[in-house]
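Undergrad: With the sequence up front, the predicted model follows.
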Amino acid sequence: MADGNLPRTRIARGKRAALAALLVALCGLPFLLSNFSVFQLTLVMAYAIVLLGLNMLTGYNGQISLGHGAFYAIGAYATAILMDHYGVPYWMTLPVAAAACLVAGFLFGLPALRLEGPYLALATFALAVALPQLLKYKSLEPWTGGVQGITIVKPDPPFGLPINADQWLYFFTLAMAIVMFALGRNLLAGRIGRAMVAIRDNPIAAEAMGIDIALYKSLTFGVSAMFTGIGGALGAIAVQFVAPDSFGAFLSIAFLVGIVVGGLGTIQGAIYGAIFIQFVPNIADRISRAAPWAIYGMMVILFMYLAPGGVASFAHYVSKRWRRRT
């Protein structure tokens, strides 16, 4: 029995060592890269939190959403309004953004219980289309800034730390990403996560086992929106600006593309997907300024052809083959 457990022990140790090495590398990157590159990596981590939340909903629970850009906007605006109008410290706005999106997601998930598949996707897409227009509404301009949006000040490093503002936001976002991914992993590995997957795979059998499908679907929608709202808040702090046109319907589509390319039903897929939606459009623009979205579409098709199960699935396959050879 001990010999049989030895390979598993080695794999577990190898994973812990790899995670430790990755954390050390991530902590060193801000001191090796330009401020703009650090800013891009900060957005990658904010997007990764968003994609983890969306993957809970779509990859683990089977509910398709084309409206998570709206929850991203709610989180971003909650932070911007609190910082600009009320002088709330940036770190104190995150719980407010999370709570606002949790409630909004749960309430939206209740009527969405009657919808499935493309009908749910269409309903969430309507939310993504409508919210930017609501943010431009004149009665809300005193808070939202209307078409002009809101500009916020980038926070300085605390305690006199010898780093610049971009580096501090990177470390702050990295710490939040670690917390959110640990929370997401524990949630998905427990009883709630198993119930979510059971509902996705066979809702009739799940209901026969005593799982409250309506409750779990609504809660999953709320928790997914909460993760997205935190990502939106972090993104707003990093960008220092929010405006309705920044949260168009394409943002929601980009998030869905991210979880599919990264890998549905995987935690690490959120990271791969975030890297894709942050850097691939820029790469496509450099290749062809005349038709960047054509290049972007070709890249999406290429990723789907080479890794139909997502980058996470492909990376797992390569890692498994490598372990067998060694």
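TA: Perfect, I can see it now. Numbering: from 1, shown residues only.
Undergrad: CA only for contacts and neighbour counts going forward, please
TA: Will do.
Undergrad: which helices and strands sit right next to the helix or strand hosting residue 312?
TA: When elements are assigned from DSSP states H and E, residue 312 belongs to helix 311-325. Helix 311-325 sits against helix 249-262, helix 269-287, with contacts defined as 3 or more C-alpha pairs under 8 Å, 6 or more residues apart in numbering; DSSP states H and E.
Undergrad: In the chain, what residue spans correspond to helices?
TA: 2-28, 35-55, 68-86, 90-112, 117-135, 141-144, 165-189, 191-201, 203-208, 213-239, 249-262, 269-287, 292-306, 311-325 (DSSP state H).
Undergrad: Tell me the buried residues in the fifth one?
TA: Neighbour-count burial for helix 117-135 flags 120-125, 127-129, 131-132, 135 (criterion: 16 or more other C-alpha atoms under 10 Å).
Undergrad: contacting residues around the helix holding residue 312?
TA: When contacts are defined by C-alpha atoms under 8 Å, 6 or more residues apart in numbering, helix 311-325 is touched by residues 261-263, 266, 268-269, 272, 303, 307.
Undergrad: Repeat the analysis, applying 6 Å as the threshold.
TA: Identification of contacts with helix 311-325 by C-alpha atoms under 6 Å, 6 or more residues apart in numbering yields 262-263, 269, 307.
Undergrad: got the angle between it and helix 292-306?
TA: With axes from the mean of the first three to the mean of the last three C-alpha atoms, to 10 degrees applied, the angle from helix 311-325 to helix 292-306 works out at 40 degrees.
Undergrad: CA atoms only for helix 311-325, dumped as PDB, please.
TA: Once non-C-alpha atoms are left out, helix 311-325 reads as follows in PDB (Å, rounded to 0.1, in the frame of the first residue of the first chain):
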ATOM      1  CA  VAL A 311      -5.700  24.700 -23.000                       C
ATOM      2  CA  ALA A 312      -6.100  23.300 -19.500                       C
ATOM      3  CA  SER A 313      -7.100  19.900 -20.900                       C
ATOM      4  CA  PHE A 314      -4.200  19.900 -23.400                       C
ATOM      5  CA  ALA A 315      -1.700  20.900 -20.700                       C
ATOM      6  CA  HIS A 316      -3.000  18.100 -18.500                       C
ATOM      7  CA  TYR A 317      -2.500  15.600 -21.400                       C
ATOM      8  CA  VAL A 318       1.100  16.800 -22.000                       C
ATOM      9  CA  SER A 319       1.900  16.700 -18.300                       C
ATOM     10  CA  LYS A 320       0.500  13.100 -18.000                       C
ATOM     11  CA  ARG A 321       2.500  11.900 -21.000                       C
ATOM     12  CA  TRP A 322       5.600  13.500 -19.600                       C
ATOM     13  CA  ARG A 323       5.200  11.800 -16.200                       C
ATOM     14  CA  ARG A 324       4.800   8.400 -17.900                       C
ATOM     15  CA  ARG A 325       8.000   8.800 -19.800                       C
END
